[in-house]
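Colleague: just the structure for this:
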Amino acid sequence: MVAPRITRRHFNQGLLAVALSGLSRHVMATSKANALLSDHKAYGPLKSDPNGLLDLPEGFEYEIISRLGDGMTDGLPVPDRADGMGCLPLDKERLVLVRNHELSPSNAYPVSPSSVANKINDLAYDRDVKKGPLPGGTSHIVYNVKSKRVEKQFMSLLGTIRNCSGGITPWNSWLTCEESVAMPSESLGKDHGYVFEIPANASELTKAVPLKAMGRFNHEAACVDPRTSIVYLTEDRSDSLLYRFIPKTPEKLHEGGKLQALKVMDKSGLDTRNWQDKQIDLNDKLHCEWIDLDDPESPKDDLRQRGHAEGAALFARGEGIHWGNDELYFCCTSGGAKKLGQVMRYVPSPHEGTDNENKQPGMLSLFVESTGEQSFNYGDNIVVAPNGHLIVCEDQYTDKVNNRLKGITPEGNLYNFAQVRLQTEPAGTCFSPDGKTLFVNLYSPTTSLAITGPWDRFIS
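Modeller: Next up is the predicted model:
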């Protein structure tokens, strides 16, 4: 049983109602090019971290709250490859961070399969050849915002593959997504490529149940419209689609529903990637409709090809997605003429998901397109800051460490908020209910951080 819906409402009302007002007005104000703000703007230049972990502006600091190998309260160690993460409230003093672990069957499990199997019984989704659970899944971190201490950590999902990102729901749960379409083999027992739902108030490992009606594909992330319970889903492929899932019953995704793909009206098969020819400009307002997708379990892994053949728009590696103030934003990691990244914006119809939506259709627009590596380099996870800006995790692996947390203003201008000093990526950005703490993962070795500082000090 999940926590009462009102808890999640309280989580958003104070932070989003005010903070996102700037984003909802940005379309008229955005320039024709996304500018990179100089170091003396935004929060100021980044200060070198003496610990060699994460550079931040003056006045900001981080605390490590969880790391690879830490002993958890269930007796298991914290796994590696911490990726997407959601922050959800539990009560007035405590919140929970549900953290993905993007582990493949080939990744060694932190403890012997036999001992794990004895602990989890039949709760894991799938097992390997040694009869131990597949290592992908999620861990829970129960964090006390008053004492600034972790009270409890445990695995909350096991037996999946490459849990990359996901999304929080208005009914206080986390949707964790498999970025894999592996099928049964000598080493795997089941199909993979699904979304799983984990309640925030779980107290131990949960039964892994795939939400098959939400499609089997190379899932990345998800976000939910609190007004309709419609789930929007991204796909990490170079020829990906943007999907939506309309549940039969609001808040009850396990009861099934309808999977669809976005199509731009009068531009069938629009290629938003802008790789060869520019087909979408900054702030173009493109009216949209949605195509029904049959056979969502897709044994041939061809949902995107079938959808595109029927006119669905193409996107370049859809990754992080976040619900804002009656709108959503999502990253296209390799989109744009430079193939360095885009951020798209979608404003749903007031009649989204009903027979009347084409009378006032939803609108797609290009919010950001990178013009160079210093501007924006492979955006991945995305979240909204207390001041209404987007905070985006860069995910570019190069010989020289260069991944940053990028800020994006309501006008579409970019700035550096943080610099990762390890040869890894930042991921899982999410804010505490009061908007004062930014939580972020460093992917490998797993390091989860709580960042605090003067969020109201931004200089435009």
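Colleague: check contacts around L53.
Modeller: Contacts for L53 (C-beta atoms under 8 Å, 6 or more residues apart in numbering) come out as Y62, V420, R421, L422, L442, T447. In short, each C-beta sits where N, CA and C put it, glycine included.
Colleague: if you rank those residues by neighbours, which is first?
Modeller: Of all those, the highest neighbour tally under other C-beta atoms under 10 Å goes to L442, namely 24 neighbours.
Colleague: quick one: that one and V420 touch, right?
Modeller: Yes - taking C-beta atoms under 8 Å as the definition, L442 is a contact partner of V420 at 6.6 Å.
Colleague: which element follows the host helix or strand of D380 toward the C-terminus?
Modeller: Taking DSSP states H and E as the definition, one finds D380 inside strand 379-384. Heading C-terminal from strand 379-384, the first helix or strand you meet, by DSSP H and E, is strand 390-394.
Colleague: helices or strands up against that next one?
Modeller: In this structure, strand 390-394 packs against strand 318-323, strand 379-384, strand 404-408, strand 426-431, with contacts taken as 3 or more C-beta pairs under 8 Å, 6 or more residues apart in numbering; DSSP states H and E.
Colleague: how far is the last one from where the chain is centred?
Modeller: If I follow you right, that is strand 426-431. Put simply, strand 426-431 sits 8 Å off its chain's centre (C-alpha atoms, centre = their mean, to the nearest Å).
Colleague: report the mean per-residue pLDDT for that strand.
Modeller: Across strand 426-431, pLDDT averages out at 98.
Colleague: list the neighbouring strands of the helix or strand following that strand plus their orientation.
Modeller: Later in the chain than strand 426-431, the nearest helix or strand by DSSP H and E is strand 437-442. Using DSSP bridges, the strands paired with strand 437-442 in its sheet are strand 426-431 (antiparallel), strand 447-452 (antiparallel).
Colleague: need the contact list for D49.
Modeller: Counting by C-beta under 8 Å, 6+ apart, D49 has contacts D55, L56, R421.
Colleague: return the per-residue confidence for it.
Modeller: D49 carries a pLDDT value of 98.
Colleague: just to be sure, it is in a helix?
Modeller: No - looking at D49 with DSSP: H, G, I helix; E, B strand; the rest coil, it is coil, so not inside a helix.
Colleague: for the chain, which spans come out with low pLDDT?
Modeller: The chain contains residues with pLDDT under 70 at 1-32, 108-119, 121.
Colleague: switch the cut-off to 50
Modeller: Residues of the chain meeting the criterion pLDDT under 50: 1-31.
Colleague: would you mind finding the longest strand in it?
Modeller: Using DSSP state E, we find that the single longest strand of the chain is strand 149-160.
Colleague: sec struct for I198, please.
Modeller: Of the three states, I198 takes strand according to three-state DSSP.
Colleague: check contacts around it.
Modeller: Shown in contact with I198 (C-beta under 8 Å, 6+ apart): V98, T138, H140, S156, L157, S173, W174, L175, T176, T206.
Colleague: what's the closest of those residues to G353?
Modeller: When these are ranked by distance to G353 (C-beta to C-beta), L175 comes first, at 17.7 Å.
Colleague: how about the contacts made by the closest one?
Modeller: Shown in contact with L175 (C-beta under 8 Å, 6+ apart): 166-169, 195-198, 211, 222, 224, 231, 253.
Colleague: let's go with 6 Å and repeat that
Modeller: Residues counted as contacts of L175 (C-beta atoms under 6 Å, 6 or more residues apart in numbering) are G166, G167, V195, E197, A222.
Colleague: ok, and the closest non-adjacent residue to the second one?
Modeller: When the adjacent residues along the chain are set aside, G167 lies closest to A222, with 3.7 Å between them (C-beta to C-beta, 6 or more residues apart in numbering).
Colleague: outside of the helix or strand harbouring the one you found, which residues touch it?
Modeller: According to DSSP H and E, A222 maps onto strand 219-224. Here strand 219-224 makes contact (C-beta under 6 Å, 6+ apart) with 164-167, 169-170, 175, 177-179, 231-234, 236, 318-323, 328.
Colleague: out of these, list just those in strands.
Modeller: Per DSSP E, those map to strands at 164-167, 175, 177-178, 231-234, 318-323, 328.
Colleague: would you turn the contacts of L53 into JSON lines with distance to V383?
Modeller: Below are the contacts of L53 laid out as JSON lines (distance: C-beta to C-beta, whole Å):
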{"residue": "Y62", "distance to V383": "16"}
{"residue": "V420", "distance to V383": "16"}
{"residue": "R421", "distance to V383": "21"}
{"residue": "L422", "distance to V383": "21"}
{"residue": "L442", "distance to V383": "16"}
{"residue": "T447", "distance to V383": "18"}
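Colleague: of those residues, closest to K338?
Modeller: K338 has its nearest neighbour among the contacts of L53 in V420, at 21.3 Å by C-beta to C-beta.
Colleague: who does R94 bridge with?
Modeller: The partner residues for R94, given DSSP bridges, come to N144.
Colleague: all numbers from here: first residue = 38
Modeller: Taking 38 as the first residue, the last one we looked at is R131.
Colleague: burial measure for it, as a count.
Modeller: There are 15 residues near R131, going by other C-beta under 10 Å.
Colleague: check contacts around C124.
Modeller: L132, L134, C467, F476.
Colleague: for the third one, grab the count of nearby residues.
Modeller: By that I understand C467. By other C-beta under 10 Å, 24 other residues sit near C467.
Colleague: contacting residues around it?
Modeller: The contact partners of C467, by C-beta under 6 Å, 6+ apart, come to M122, G123, C124, V420, F476.
Colleague: re earlier: can you redo the contacts of D86 as a markdown table with distance to S141 and secondary structure?
Modeller: Output for the contacts of D86, formatted as a markdown table (distance: C-beta to C-beta, whole Å; DSSP: H, G, I helix; E, B strand; the rest coil):
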| residue | distance to S141 | secondary structure |
| --- | --- | --- |
| D92 | 31 | strand |
| L93 | 32 | strand |
| R458 | 26 | coil |
